[in-house]
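**Student:** Curious how this folds, go ahead:
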Amino acid sequence: MNGMAWVRYSTDTSLVFGKNDSRIIWVVGYHEYKGEALMSDCIKAVESDDFEAETKSGVVLVDFFATWCRPCRMQLPILEKLAPSFESKVQFIKVDTDRAQDIAVRFGIQSIPTLIILKDGVKVAQFVGVQQAETLKTALEMAIS
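**Tutor:** As a prediction, this is how the structure comes out:
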């Protein structure tokens, strides 16, 4: 890794660039830098102010997560693999429970990751903990029909 920079957590939980640090962690699927969540094109990060608009119509899978949550990091690659097969039928969004606490409280989120499937703004399914693609695929197909 000569000459390469990588990402590590600083004590204030913001990400900074560094080298040769034993506290380096690998963040799978997304990175947070200067407050902006960068994710795959298939999954959109949503804040409190645009949650209603994003979820009021159609089928939406909402992934409630936190940047510090290891199981949440395990869930993201599963969602990234699943999302393209539902590209025109289901919207995939992520809600950071630390940033959008009002949304987490509204849905009674007590553990993360929690995945909720909404149809026209109404909850039709909920899963707590890391879920496999096949489980989510079945639930999404039922919500679409």
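
**Student:** Please enumerate the strands of this structure.
**Tutor:** Secondary structure of the chain (DSSP state E): strands at 6-9, 15-18, 31-33, 36-38, 43-45, 59-65, 90-96, 114-119, 122-128.

**Student:** For the last one, list every residue counted as buried.
**Tutor:** Pointing back at strand 122-128 there. Of the residues in strand 122-128, 125-127 count as buried by neighbour count, 16 or more other Cβ atoms under 10 Å. (Each C-beta comes from the backbone N, C-alpha and C, glycine too.)

**Student:** measure Ala53 to Gln131 for me?
**Tutor:** Here Ala53 is placed at a distance of 26 Å from Gln131 (Cβ to Cβ, to the nearest Å).

**Student:** Residue ranges in the chain under the pLDDT threshold?
**Tutor:** 1-40 (pLDDT under 70).

**Student:** So which residue is dead centre in it?
**Tutor:** Centroid-nearest residue in the chain, with Cα atoms, centre = their mean: Lys94, separated by 3.6 Å.

**Student:** Okay, domains of this protein per the record?
**Tutor:** Domain assignment for the chain, taken from automatic domain parsing, gives 6-36, 41-144.

**Student:** Single out the most deeply packed of the ones you listed.
**Tutor:** domain 41-144 (a mean of 17; mean count of other Cβ atoms under 10 Å).

**Student:** quick one: terminal-to-terminal distance for that domain?
**Tutor:** Domain 41-144 has an end-to-end distance of 21 Å (Cα to Cα, to the nearest Å).

**Student:** Likewise for stretch 123-140?
**Tutor:** 12 Å.

**Student:** what's in contact with it?
**Tutor:** The contact list for stretch 123-140 (Cβ atoms under 8 Å, 6 or more residues apart in numbering) reads 59, 61, 71, 74-75, 78-79, 81-82, 85-86, 89-90, 107, 111, 113-118, 142-143.
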